[in-house]
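Visitor: Okay, sequence plus prediction incoming.
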Amino acid sequence: MRVFLALPLWHALDTALWKQLLVDDGIRWVPSHQLHLTLRFKGEITEEELPSVIAGLRKTARCFPPFSLRWDRTGVFPNWHRPRVLWVGIRSPEAELVRCIAAELGHPQLTPHITVGRVKRPLDKEVLRTWAAVEPPEKPVSVASICLIQSVLTPQGPVYHTLETADLEGAMTNE
């Protein structure tokens, strides 16, 4: 099964507003019920590996407290000349906390972001300028858990199934 570890951010952003602003059929928007922040993509694992992945998820969740994150800016991967992904970034210091969680899960090089759209073909320069100028919402988003999610690829796009949810249980510190 194909799995990843993520912060569940279902419905955390309203991409419908951006669809109206960036009218371009070259963008496949991520449905708001599938929004998440990938902490570590595990790829294909076997049923036998599942208990070990779940144990690591639970162990990590016990080390970190619930928190709120704030959106930073919009961007693209890999670059503005040939974008393949539209994303929204996370502000510091929350971004640092997300990096620490990802590192604990085995992904120390994470760039904290939430993918909101995938680019199917080259975009008009005006669409890209508009995306670069978008101001993400100011409202903070509460994060209270980490999920293990199975991703089933279909011609219509991925279908996600939450296999395990571990609540963030760590204590807040003033360090």
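Guide: Structure's in. What do you need? Numbering: from 1, shown residues only.
Visitor: could you say which helix or strand contains the nearest residue to Ala103 once chain neighbours are set aside?
Guide: Nearest residue to Ala103, sequence neighbours excluded (C-beta to C-beta, 6 or more residues apart in numbering): Leu110, at 7.4 Å. Backbone N, C-alpha and C define where each C-beta goes, glycine included. When elements are assigned from DSSP states H and E, Leu110 belongs to no helix and no strand.
Visitor: Sketch out the low-pLDDT regions of this protein for me.
Guide: Scanning the chain for pLDDT under 70 picks out 171-175.
Visitor: which residues does the residue positioned nearest the centre of it bridge with?
Guide: Central residue of the chain (C-alpha atoms, centre = their mean): Leu37, 1.8 Å from the mean position. Counting by DSSP bridges, Leu37 forms beta bridges with Leu7.
Visitor: which residues sit in contact with it?
Guide: 6-7, 9, 90, 98, 112-114 (C-beta atoms under 8 Å, 6 or more residues apart in numbering).
Visitor: Centre of the chain to the longest helix seen in the chain, how far?
Guide: Determined from DSSP state H, the single longest helix within the chain is helix 50-63. Averaging C-alpha positions (C-alpha atoms, centre = their mean, to the nearest Å) puts helix 50-63 19 Å from its chain's average.
Visitor: Surely Ala102 and Thr111 touch.
Guide: No. Using C-beta atoms under 8 Å, Ala102 makes no contact with Thr111, being 9.6 Å away.
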